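> A predicted structure for the sequence below; I have some questions about it.
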Amino acid sequence: MFGFGILSCIVFLPLVGAAFILALRGEDEATLNNARFAALATTLIVFILTLVAYGRFDTSSAAFQLVEQKNWFGSGLVYKLGVDGMSMPFLLLTAFLMPFCIAASWNPSPIG
């Protein structure tokens, strides 16, 4: 996927969605709806990618899986990601709950 692994896409796709929302200008209702739909679409795509990662995950192994490692700047800095049996359920839970959080804040009501 674009030269990155699936975990990198899961980590950095929300930043792409946030950059898109930040680029939207205006305070009218159409702009606000575009921001809401962009947030919801981003979180749904992340959830689907997390399901794909879970499909590739071997639950019988205790080792780190889906490991990605890239050298940065050629000076010994290393970017490394991986999931194990403890972090995969939390990754699934977070990705599952985020679309519900976005949907719950769709029409905010004033307090008080």
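Arrived safely, thanks for sending.

> strands paired with the helix or strand bottoming out on mean pLDDT in the chain, and their directions?
In the chain, no helix or strand scores lower on mean pLDDT, DSSP states H and E than strand 65-72, which sits at a mean of 88. Pairing partners of strand 65-72, with direction, according to DSSP bridges: strand 77-83 (antiparallel).

> Going by neighbour count, which residues of the partner strand are buried?
Of all the residues in strand 77-83, those buried under the rule 16 or more other CB atoms under 10 Å are 81, 83. Every residue, glycine included, has its C-beta placed from N, CA and C.

> for the record, mean pLDDT for it?
Average pLDDT, strand 77-83: 90.

> Output it as PDB, restricted to C-alpha atoms.
In PDB, the C-alpha atoms belonging to strand 77-83 read as follows (Å, rounded to 0.1, in the frame of the first residue of the first chain):
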ATOM      1  CA  LEU A  77      17.300   6.100  13.300                       C
ATOM      2  CA  VAL A  78      14.800   3.300  12.700                       C
ATOM      3  CA  TYR A  79      11.000   3.500  12.300                       C
ATOM      4  CA  LYS A  80       9.500   0.200  13.500                       C
ATOM      5  CA  LEU A  81       5.900  -0.900  14.100                       C
ATOM      6  CA  GLY A  82       4.500  -4.200  15.000                       C
ATOM      7  CA  VAL A  83       1.500  -5.700  16.900                       C
END
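
> what about stretch 75-87, start to end distance?
29 Å (CA to CA, to the nearest Å).

> How about residues contacting that stretch?
5, 7-8, 11, 53, 57, 59, 61-72, 91 (CB atoms under 8 Å, 6 or more residues apart in numbering).

> returning to what we had before: how about residues contacting the least confident helix or strand of the chain?
4-8, 53, 56-58, 77-84.

> The strand or helix carrying Gly17 relative to strand 65-72, how many degrees between them?
Secondary structure assignment for Gly17, by DSSP states H and E: helix 6-23. Taking axes from the mean of the first three to the mean of the last three CA atoms, to 10 degrees, one finds helix 6-23 and strand 65-72 inclined to each other by 60 degrees.
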